[in-house]
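Q: Next come a sequence and a model predicted from it.
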Amino acid sequence: MKETYIKELKKVDLKDPILIEGLPGLGLVGKIAIRYLIRKLKAKKFAHLYSPHFPYYVLVNKKGSVRLLRGTFYYWKNKTEKNDLILFTGDSQSQTIEGQYEIADCMLNFSQKHKVKTIATIGGYRKEIKEKPQVYVAATTQKLLDHALKSGAKLGKSGSPIVGTAGLILGLAGFKKIEALCLLGETRGYMPDPLAAKSVLEILRSAFNFEIDLYGLNEEITKAETMVTRLQKIEEKRVLQAEETRKEQDKKTTYIS
């Protein structure tokens with residue numbers, strides 16, 4: 001394999017589809033959000049993306065079979081609104097700069113083929129939070145930006161970079177005449193964050209007018225919060241022990257005048 005390519009598993013006929021992308025990143029916000037949409041909407045798989053820029057190992061399942069790392073496209077037909085959805089997630093992001101551009105471009109070409117006019121990307125925004133995570137938005141058109149802001153998103157700081165596929169798709173979308181926006185959920189970033197994913201999905205649900213029950217994320221949120229509390233207690237104990245050790249060493253130190 002010398003370059004990124006997409007293998008279609010079946011032909012689909014979609015109605016003015018919107019593509020929503022969420023690859024692993026800070027807090028796994030994008031991947032958690034997309035996996036939840038796939039599960040709740042019962043979206044169906046229809047294409048795989050392979051790339052030599054993914055990490056160089058294979059995944060082994062319980063039966064001992066192996067497969068390459070990949071991205072996967074799913075589709076969902078919206079019976080109540082005008083837009084169907086294409087959902088994309090994967091095992092990893094590219095490990096090279098060239099690969100990031102190549103994969104983003106390949107995804108945009110695939111979007112054009114399926115007559116996608118709007119793409120939404122999802123990522124994390126590193127921040128220590130104590131309340132409900134905010135969602136920050138950037139977009140290629142004022143119309144998309146205003147729509148997301150009315151749905152509850154906030155403007156991020158000027159000059160803040162959006163790293164990886166989530167950002168590059170926005171930068172390259174204009175060359176393909178596709179509108180795009182990025183939603184970044186506040187997250188500590190060091191562990192899976194379903195609460196941030198839920199905040200992003202609330203904005204998406206409102207902005208793109210599709211119905212989905214987000215109650216199913218609550219159990220994951222509770223587990224994540226319990227883990228954060230445990231980690232905080234471990235860190236507090238470590239700091240206390242380090243301080244006690246320092247004091248003991250100070251007592252043993254002698255000075256020669």
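A: Yep, it's here. Numbers count the residues shown, from 1 in each chain.

Q: okay, CA-based contacts and neighbour counts for the rest of this
A: Noted.

Q: How about the contacts made by the most centrally placed residue in the chain?
A: Central residue of the chain (C-alpha atoms, centre = their mean): residue 30, 1.6 Å from the mean position. Residue 30 makes contact with 21-24, 89, 121-124, 197, according to C-alpha atoms under 8 Å, 6 or more residues apart in numbering.

Q: one more time with 7 Å
A: 22-24, 122-123, 197 (C-alpha atoms under 7 Å, 6 or more residues apart in numbering).

Q: and if you look at residue 182?
A: Neighbours of residue 182 in contact, by C-alpha under 7 Å, 6+ apart: 120-122, 137-139, 166.

Q: List the buried residues of whichever strand or helix holds the residue nearest to the centre of the chain.
A: Under the criterion of DSSP states H and E, residue 30 resides in helix 29-41. Buried residues in helix 29-41, defined by neighbour count with 16 or more other C-alpha atoms under 10 Å: 29-38, 41.

Q: list the helices and strands the helix or strand following that helix packs on?
A: The helix or strand immediately downstream of helix 29-41 is strand 44-50, counting by DSSP H and E. On a contact count with 3 or more C-alpha pairs under 7 Å, 6 or more residues apart in numbering; DSSP states H and E, strand 44-50 meets strand 5-8, strand 71-76.

Q: Determine which stretch of those strands is the most buried.
A: strand 71-76 (a mean of 21; mean count of other C-alpha atoms under 10 Å).

Q: ok, the helix or strand following it: who's next to it in the sheet?
A: Next helix or strand after strand 71-76 toward the C-terminus (DSSP H and E): strand 85-90. Using DSSP bridges, the strands paired with strand 85-90 are strand 18-21 (parallel), strand 71-76 (antiparallel).

Q: Need the distance between the two termini of stretch 74-92.
A: Using C-alpha to C-alpha, to the nearest Å, one end of stretch 74-92 lies 17 Å from the other.

Q: who's in contact with that stretch?
A: 14-24, 31, 34, 41, 43-46, 54, 69-73.

Q: Repeat the analysis, applying 8 Å as the threshold.
A: Contacts of stretch 74-92 (C-alpha under 8 Å, 6+ apart): 14-24, 30-31, 34-35, 38, 41-47, 54-55, 69-73, 209-210.

Q: now stretch 36-56
A: Contacts of stretch 36-56 (C-alpha under 8 Å, 6+ apart): 1-12, 68-76, 87, 92-96, 99-100, 103, 212-213, 217.

Q: Report the distance from that stretch to the chain centre.
A: 13 Å (C-alpha atoms, centre = their mean, to the nearest Å).

Q: Over to stretch 5-22?
A: On C-alpha atoms, centre = their mean, the centre of stretch 5-22 falls 18 Å from that of its chain.

Q: Ends of it, what's the gap?
A: Stretch 5-22 end-to-end distance (C-alpha to C-alpha) = 18 Å.

Q: Please consider this matter closed, and thank you.
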